[in-house]
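Engineer: Sequence plus the predicted model coming up.
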Amino acid sequence: MPVITYREALNLALREEMRRDPRVFIMGEEVGLYEGAYKVTQGLLKEFGAKRVIDTPISESGFTGVGIGAAMAGLRPVVEMMTFNFAILALDQIVNSAAKLLYMSGGQYNIPLVIRGPGGPAHQLAAQHSQSMESYFCHVPGLKVVRPSTPEDAKGLLKSAIRDENPVIFIEAETLYGMKGEVPDDPEFLIPLGQAVVRRQGSDVTVIAYMGMMYRVMEVADELEKEGISIEVVDPRTLRPMDTETILNSVRKTHRAVVAEAGAGFAGMGSEIAAFITENAFDDLDAPVERVTGANAPMPYAKNLEQAKTPSKEKIIEAIRSVAYV
Amino acid sequence: MPVITYREALNLALREEMRRDPRVFIMGEEVGLYEGAYKVTQGLLKEFGAKRVIDTPISESGFTGVGIGAAMAGLRPVVEMMTFNFAILALDQIVNSAAKLLYMSGGQYNIPLVIRGPGGPAHQLAAQHSQSMESYFCHVPGLKVVRPSTPEDAKGLLKSAIRDENPVIFIEAETLYGMKGEVPDDPEFLIPLGQAVVRRQGSDVTVIAYMGMMYRVMEVADELEKEGISIEVVDPRTLRPMDTETILNSVRKTHRAVVAEAGAGFAGMGSEIAAFITENAFDDLDAPVERVTGANAPMPYAKNLEQAKTPSKEKIIEAIRSVAYV
Amino acid sequence: MSAENIRAVDAELGQQLLKEMLLIRRFEEKSAEMYALGKIGGFLHLYIGQEAVAVGAISTIGRDDYAIASYRDHGHCLAKGADPKRVMAELFGRRDGLSKGKGGSMHLFDRSVNFMGGHAIVGQHLPLAAGVGFAIKYEGKDQVILCFFGDGAVPEGEFHEAMNLSALWKLPVVYICENNRYAMGTEIHRALSQTDVYKFSAAYGIPGEAVDGMDVLAVRESVARAVERARREKTPALIEARTYRFRGHSMRDPSAAIYRTKEEVEREKQRDPIALFRDRLVKDNLLSEMEWQTIEKEVTEIVEEAVIFADNSPEPPLEWLLTDVYRESGSGVRGSGFADPPEPR
Amino acid sequence: MSAENIRAVDAELGQQLLKEMLLIRRFEEKSAEMYALGKIGGFLHLYIGQEAVAVGAISTIGRDDYAIASYRDHGHCLAKGADPKRVMAELFGRRDGLSKGKGGSMHLFDRSVNFMGGHAIVGQHLPLAAGVGFAIKYEGKDQVILCFFGDGAVPEGEFHEAMNLSALWKLPVVYICENNRYAMGTEIHRALSQTDVYKFSAAYGIPGEAVDGMDVLAVRESVARAVERARREKTPALIEARTYRFRGHSMRDPSAAIYRTKEEVEREKQRDPIALFRDRLVKDNLLSEMEWQTIEKEVTEIVEEAVIFADNSPEPPLEWLLTDVYRESGSGVRGSGFADPPEPR
Ligand SMILES: Cc1ncc(C[n+]2csc(CCOP(=O)(O)OP(=O)(O)O)c2C)c(N)n1
Ligand SMILES: Cc1ncc(C[n+]2csc(CCOP(=O)(O)OP(=O)(O)O)c2C)c(N)n1
Ligand SMILES: [Mg+2]
Ligand SMILES: [Mg+2]
């Protein structure tokens, strides 16, 4: 299988879907001439022209609304947020238009729209540019939310998102764009939304994590294996709809769970995951579900503070030990 | 003690604080001449004049930003959202300016700002006008979030919010504005932010609920008492900072907890409450913390569907029975 | 239709326009009654006084063209050709409503006549209109969209963003600001530093003009010109229709509230667009007293039928609470149409 | 200061303005070096080429007046009078930085000189500026605030909302759009349908004008006029300063990237505001070669000191991660300053 970067995998997904379906187009700040602030749309303007690769002014609410209106009229837009931090400016359109139009119209207008771009912390970008916003979107009925951790997932899930009949919030990570991995070049390779994946089999503790945190957890799992602690790592991939079955099956096997999350913990995704595990697998649990989350502070600029903001391996290990009572 | 409505209690709090501190002013849509879309600001224009009671155009992001800027420059603004649904349009100002300025400026600029107005469902206002947004705000470090359930709390907490040095999101409920209750007329009567209250003592199951749901739970508690099931009802009042101690103490006593919430359940406030209870009181729990939440759908207009959207007494009772194993 | 001879109405067209306006008027008067009876809930915003804008404007476009409006949408939805029975059923929150009872008064949608809603966040539907215009252009079609909004939307950021994007990308959108001088209780000069809304067009380099919104033919003429240009040159336009609402902001607001005087309201009612137009048709010998009575009778019947239909329509079944949250995928992608996560209790 | 004789610079003032511009230039050249060395991280947006705008504009106001800017804020912060040492320490993310190292390049704040930041969401600080203007007026003071932003902010809704609110409420805010013709890689005519930014002022009924942003005295004159009016009449203004950034958008973007040619950049560099002004002072006999050398030397020393200071400043202690999230209440309200909820692990 070809080995390509996460960035290239996204690019390929966009290309393939744009080739397949002329109704698919991409719009956003710097996606055309500049080929993307993070180069995800490299070469698209050249291949598809300015009609289908549209540079926008800095008007997030405006062009997101344009995407939604275009979807109402039958197109299948992909809207790039240069970073997801700026989606807050478009949140009204996302929450009140995209997510609700199908319902409010009694099923007449569905919104096949993808909003994608990098989210979460990167390198010293400070408070306004380092937010994990997935819990906002996850709370909204009518939205689907994806966080793809690998190049393969990036491709397969983005393609499914574009083919989906509903608005999909697709949050990538700047820190993963350069990561390489095997990615099928089959243009019909799709990963269904709503399916978690077990990244690593284990028997003692289930750790649920995605994106950068998932890799950190994998490293921790390697280290703990040497001590004889066997970690199962589950990556939800889609946060809404959440594949609760895969997660619960794992927990029913290991009887212990930790959720690791980069974002601020209070009312974050980890809360939801911990809550449903406890609700549905209480009798299988030998310990409370522990959350390891980003500190409840804005993201600081200074490198050392930035590092301390996101859960360290030590903290993850500590949480695992605490649920494993070792 | 005088018996006044929830609306009057808010009005009194505003009046007293505006009398006490000339830096306090209120701005928002229709707060002046019209005396508030829900009449919370009745008489304020007359008493304080147009300098301190400011009608705004429909520019939520703009006037919220004005409030924040004014706070940076030393004033203590109260910004009214006609309803909290419209705060989504101002969310960037709230999240990226109000909540973070203190941190990003290394402690130089604090933002003593209150954003208040009714939130949550009312009567057949449909999807775009019936949102419970507290989990959005709760997720943001730097914000405090209040949901006052009684006239007394409305007054005491609003006064504390206005005196607080930080941005406070203060979400009232249209459905409670007409409710009457005893309210101290002492202008120094304050209820500290961050203190939950036990609304009803009980020994079998703790139910955590606020606003309209709290009253529904109180009725349920009366009914179940007849069957010999004793419910303790805890009202958090402030959601951030959350008074985890009061909640945990109750759960440690009853060994069972249910969280009842009007808003959509997935990634809602109930998730956070359930998660921290489990994390901190696992060994005291005889059953998983159950969430009873609004359906994961937008709010429908039709009366019967609207009623079905919010948790019924039956559903609350069912959840209580399931944790009490009766 | 060409903009030049648009003022030359014959009896048929004149009576048609009159009838459409009257239908909206009577439909809404009846809605107000039904609200008082508790058959309609929530917010109910009446369009009474503004009928010439929707009717005049929408008379210039075809069924295949689009229209979109704010929450004050009954007039536009009816003028676009929706079935009054299904509109009333929607106001009643019943199963046969346009939106199956899920939307209500503020969220009327009718895909069969390209009426795109019914949006209740002020300013929000302007970018949506631009998006529809974008799709029209993308697909090389020659449709247009009319976007109706109030003066209260002008201070919102989305007004500005939508104007600029439409002008920049040359989208076939005709923006029609129904300036009734009030946004709830806020008179326009307390909301805008410069109150000639049409003048904003200069900031975007697009055509703009003000028109008497109480004169159905004047509206028709102005909008027809903009529609023609939009079709031909894909140029957006900003039209300010000066009008007045005779009733309160919604049923919860008295018609002459603190923010305006009874005298002002009475004075404005002299400009009643329906009475004005009827008198004009009569004067021009395009309408006889008998024809007028027939129109009144027909309209009354339509409204009565609508009420009966709505009242007989059942409540939506409870299962519908959870339908239409997601559309199942028709693309054969396994799982992409997955149901929502299981409901917590 | 009166706007009339503002062009009459003497040697002292001329040299002062020159020195301030040069300080910004050298400070930023050094920052670029430090970025390359990894001493500075994140985004670093250089102001090089635009110095005349900040220096000319801020030279018209006092220490007690306010200024606020976007993420491209080093120039404005230094011109407002912040200590270069503490600015550099902030860029280094160190304890003695203006914001204790928590803000970084994009979030400079200095309360001691009324510099209100440093804001990284495009358009976001315009309403904040209006709010400061609101407070000035509320308290009956005669201060003003200068609000600097890029051409890229104009299409944002908050530009429009801030303009309208400031004009409507007559707030003493001077909005200065630094039109460097690009927002990242987007040339202004691809972002705005009408590209004369100052013309937007007409839509709000406020004064507006364009000025050569490479001419420090022209900027000074134009801003002085607006400041005087703002103080006296509490009228806002919109000034479009036409300028150019010589470097890339940030350190991650090459200076002559795909979106503009090397020739264009070279041509624009002929308008270097510092060289132009120095030559003028020399020509007018207001600056000798020796004086110029002294200025260069002083500026270089300031910058060197700043780097040494920054480099010697320790990293912020780890406990600071959780401070400044909330301000403890000084009002004696029990509990209102409660700490954040206990950290989950
Ligand atoms: C963003 C937003 N803010 C506030 C409201 C509450 N609101 C509903 S209608 C309205 C007034 C709108 O006035 P205008 O646009 O002039 O329309 P009109 O009611 O006159 O038809 C307001 C403030 C809202 N729906 N959306
Ligand atoms: C709301 C928002 N959208 C996008 C960005 C990303 N971004 C940062 S700077 C910039 C360009 C801004 O250009 P301009 O306002 O002209 O300022 P300049 O960089 O030229 O000084 C963009 C798109 C952002 N910071 N905020
Ligand atoms: Mg109006
Ligand atoms: Mg620029």
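Structural biologist: Yep, it's here. Numbering: from 1, shown residues only, chains lettered A, B, ... in the order given. Ligands and ions are numbered 1, 2, ... in the order given.
Engineer: Give the full set of residues in contact with residue A:152.
Structural biologist: Residue A:152 makes contacts with A:9, A:181, A:182, A:183, A:184, A:191, as judged by C-beta atoms under 8 Å, 6 or more residues apart in numbering or on different chains. All C-beta spots, glycine's among them, are computed from the backbone N, C-alpha and C.
Engineer: and those, which are buried?
Structural biologist: For the contacts of residue A:152, a burial check counting by 16 or more other C-beta atoms under 10 Å in any protein chain shown picks out A:9, A:181, A:183, A:184, A:191.
Engineer: Point out where chain C drops to low pLDDT.
Structural biologist: Scanning chain C for pLDDT under 70 picks out the ranges C:1-7, C:330-345.
Engineer: residue contacts, residue C:324?
Structural biologist: By C-beta under 8 Å, 6+ apart, residue C:324 lies in contact with A:102, A:103, A:105, A:106, A:107, C:100, C:102.
Engineer: how about 7 Å then?
Structural biologist: A:102, A:103, A:106, A:107, C:102 (C-beta atoms under 7 Å, 6 or more residues apart in numbering or on different chains).
Engineer: Pick out the residue closest to the middle of chain A.
Structural biologist: Geometric centre of chain A, nearest residue: residue A:147, 1.5 Å, by C-alpha atoms, centre = their mean.
Engineer: who's in contact with that one?
Structural biologist: Applying C-beta under 7 Å, 6+ apart, we find residue A:147 in contact with A:134, A:171, A:210, A:211, A:237, A:239.
Engineer: Adding secondary structure as columns, could you present those in JSON lines?
Structural biologist: Shown next, in JSON lines, are the contacts of residue A:147 (DSSP: H, G, I helix; E, B strand; the rest coil):
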{"residue": "A:134", "secondary structure": "helix"}
{"residue": "A:171", "secondary structure": "strand"}
{"residue": "A:210", "secondary structure": "coil"}
{"residue": "A:211", "secondary structure": "helix"}
{"residue": "A:237", "secondary structure": "coil"}
{"residue": "A:239", "secondary structure": "strand"}
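Engineer: Looking at the residues you listed, state which has the most neighbours.
Structural biologist: Sorting the contacts of residue A:147 by how many neighbours each has (other C-beta atoms under 10 Å in any protein chain shown) puts residue A:210 first, at 29 neighbours.
Engineer: ranges for the strands of chain C?
Structural biologist: C:66-70, C:115-119, C:145-150, C:173-179, C:182-183, C:186-187, C:208-212, C:237-242 (DSSP state E).
Engineer: How about the third one and chain D, touching?
Structural biologist: No - under the criterion of C-beta under 7 Å from any C-beta of the partner chain, chain D is not reached by strand C:145-150; the shortest gap measures 14.6 Å.
Engineer: Pairing partners for the longest strand along chain A, with directions?
Structural biologist: The residue-count maximum for a strand in chain A (DSSP E) belongs to strand A:257-264. Sheet pairing of strand A:257-264 (DSSP bridges) gives strand A:205-208 (parallel), strand A:290-294 (parallel).
Engineer: Show me what secondary structure element comes after the first one.
Structural biologist: Spelled out, it's strand A:205-208. Remark: after strand A:205-208, the chain's next helix or strand is helix A:211-226, criterion DSSP states H and E.
Engineer: Are there helices or strands packed against that next one, and which ones?
Structural biologist: The elements that helix A:211-226 packs onto, with contact taken as 3 or more C-beta pairs under 7 Å, 6 or more residues apart in numbering or on different chains; DSSP states H and E, are strand A:197-200, strand A:231-235, strand A:257-264, helix A:313-324.
Engineer: Please verify my assumption that residue A:180 contacts residue A:2.
Structural biologist: No - using C-beta atoms under 7 Å, residue A:180 makes no contact with residue A:2, being 10.2 Å away.
Engineer: so who does the nearest residue to residue A:88 once chain neighbours are set aside touch?
Structural biologist: Spatial nearest neighbour of residue A:88, chain neighbours left out: residue B:92 (4.5 Å); criterion: C-beta to C-beta, 6 or more residues apart in numbering or on different chains. Neighbour list for residue B:92: A:88, A:89, B:61, D:121, D:124 [criterion: C-beta under 7 Å, 6+ apart].
Engineer: Tell me how far residue B:92 lies from residue D:161.
Structural biologist: 12 Å (C-beta to C-beta, to the nearest Å).
Engineer: Check the separation of the first and last residues in stretch A:146-153.
Structural biologist: Taking C-alpha to C-alpha, to the nearest Å, stretch A:146-153 runs 10 Å from one end to the other.
Engineer: if we can go back for a sec, could I get the strands of chain C in CSV, plus columns for distance to residue D:301?
Structural biologist: As requested, those are exported to CSV (distance: least, C-beta to C-beta, whole Å):
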stretch, distance to residue D:301
strand C:66-70, 62
strand C:115-119, 61
strand C:145-150, 59
strand C:173-179, 58
strand C:182-183, 58
strand C:186-187, 57
strand C:208-212, 57
strand C:237-242, 57
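Engineer: Quick one, which of those strands gets closest to residue B:84.
Structural biologist: Smallest distance to residue B:84 across these (C-beta to C-beta): 18.1 Å, for strand C:115-119.
Engineer: Count the neighbours of residue A:140 for me.
Structural biologist: Counted with other C-beta under 10 Å, the neighbours of residue A:140 add up to 26.
Engineer: hang on, isn't it packed against residue A:99?
Structural biologist: Yes - shown here, residue A:140 and residue A:99 form a contact pair, counting by C-beta under 7 Å, at 4.9 Å.
Engineer: circling back: among the contacts of residue A:152, pick out the one closest to residue D:233, please.
Structural biologist: The shortest approach to residue D:233 among the contacts of residue A:152 belongs to residue A:9, at 58.7 Å (C-beta to C-beta).
Engineer: Go ahead and confirm the closest one touches residue A:157.
Structural biologist: No - judged on C-beta under 7 Å, residue A:9 makes no contact with residue A:157 at a distance of 9.9 Å.
Engineer: coming back round to it: any chance of TSV for the contacts of residue B:92, columns neighbour count and distance to residue A:250?
Structural biologist: Listed next are the contacts of residue B:92 as TSV, based on neighbours: other C-beta atoms under 10 Å in any protein chain shown; distance: C-beta to C-beta, whole Å:
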residue	neighbour count	distance to residue A:250
A:88	26	33
A:89	30	38
B:61	31	43
D:121	25	39
D:124	25	42
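Engineer: Can you pull the phi/psi pair for residue A:149?
Structural biologist: Note on residue A:149: its backbone torsions stand at phi -90, psi -20 [degrees, to the nearest 10].
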